[in-house]
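Q: Predicted model, plus sequence, below.
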Amino acid sequence: MSHRLVIAMRTAFTLLLVWGSGRAWAQQPSTPPPGNPVKPENRVVITVDNYSMKGADVEKFIDSLPPQYRAYYRGPGRSLLPQYLVQLKVLAEEAQKENLQDLPEVKEAISIATTSIMADAARKHFEEKIPVSDQELEDLYQKKKPELEEARIRRIVIRTDTKSIDLTAPSSRPPLPEAEARRKLEDLRKQVQAGADFAVLAKANSDDMSTANAGGDMGYMNRQNLLPPLAKAAFSLNPGQVSDIIPTPYGLELIKVEDRRIKPFSEVRQDLQAEIRRSKAGEAFKKEISQHKVEVDNDFFTTKPQSNPVVSPASR
């Protein structure tokens, strides 16, 4: 787990300490009337002892993470969330039992987390008041079109005994020697070229169980969300084409491009609006800070060159 994610998780742990179990964790699971479907956001998705967490609570937790992690935990990393959330809940309860919230270092962490949360709330409130015109949104959309290109792809993954990492949801089949995996994929590729349905073959043969049941469908993906070798192949193929065999950290893969598109303006409007507001807010924040008396010891924050003592030959 990366250092930044550890910090994010520690902050979430601190919030659980501050808020206790009553904020995100409902005391009583909601039981819907028989035959009445429950909306995903209202469905209880995790329970720990007498506490429950609904789908909406999970989304709020993801929103509390740094932006670079939100897409991951709403996508390929979603299956990892339960273990983290359960650990956070259990550890927070244990901390409360031991009155760890009274320790000086925990109080300091809570104070820092509270300051950070309040500052973030003020920043969001400030940015929301900044006007953004339709023309500004359209100009930014046109500028970002290359980044917004997506490919809808299907994959067939065959794990090899030389793989460097494992899939989130691997099949029960053992990894194959690389030469054998390559022969298998070559045969599958020939079947597709002869008219076989890629989705049917993916469902029967792919070792990635998170996509196999959907015929290998990964949905629409941009370059940033794909491994570099998959991205290179996906955006060099036209819809309907199948790649050559691609080595990845999971083993060997085939992909088929189902569609290529530029993400619609309606789907990215809010993100574009937020980006413009963040950009405008930078100058506005400078003006706001100028209204306050600020003193900084610049010498403290200056990186000092490390001195390398000269070692004389006689002392070696």
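A: On my side now, so go ahead. Residues are numbered from 1 along each chain as shown.
Q: Tell me where the model's unsure across the protein.
A: 1-38, 306-316 (pLDDT under 70).
Q: Show me the strands in this structure, by range?
A: Ranges of strands in the chain, per DSSP state E, are 44-48, 51-54, 149-159, 217-221, 246-248, 251-262.
Q: Can you mark which positions in the first one are buried?
A: Neighbour-count burial for strand 44-48 flags 44-46, 48 (criterion: 16 or more other CB atoms under 10 Å). Bear in mind the C-beta positions are built from the backbone N, C-alpha and C, glycine included.
Q: Partner strands of that strand and their direction?
A: Take DSSP bridges as the rule and strand 44-48 pairs in its sheet with strand 51-54 (antiparallel).
Q: Check the fourth one too.
A: Strands adjacent to strand 217-221 in the sheet, as given by DSSP bridges, are strand 149-159 (antiparallel).
Q: between the strand it pairs with and strand 251-262, how many degrees?
A: 170 degrees (axes from the mean of the first three to the mean of the last three CA atoms, to 10 degrees).
Q: Kindly format the C-alpha coordinates of strand 149-159 as PDB.
A: Extracted in PDB, the C-alpha atoms of strand 149-159 (Å, rounded to 0.1, in the frame of the first residue of the first chain):
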ATOM      1  CA  GLU A 149     -10.800   9.100 -25.600                       C
ATOM      2  CA  GLU A 150     -12.000   5.700 -24.400                       C
ATOM      3  CA  ALA A 151     -12.100   2.100 -25.700                       C
ATOM      4  CA  ARG A 152     -14.500  -0.500 -24.700                       C
ATOM      5  CA  ILE A 153     -12.500  -3.700 -24.600                       C
ATOM      6  CA  ARG A 154     -12.900  -7.400 -23.800                       C
ATOM      7  CA  ARG A 155     -10.000  -9.400 -22.400                       C
ATOM      8  CA  ILE A 156      -8.900 -13.000 -22.200                       C
ATOM      9  CA  VAL A 157      -6.100 -13.500 -19.500                       C
ATOM     10  CA  ILE A 158      -4.100 -16.700 -19.200                       C
ATOM     11  CA  ARG A 159      -2.000 -16.600 -16.100                       C
END
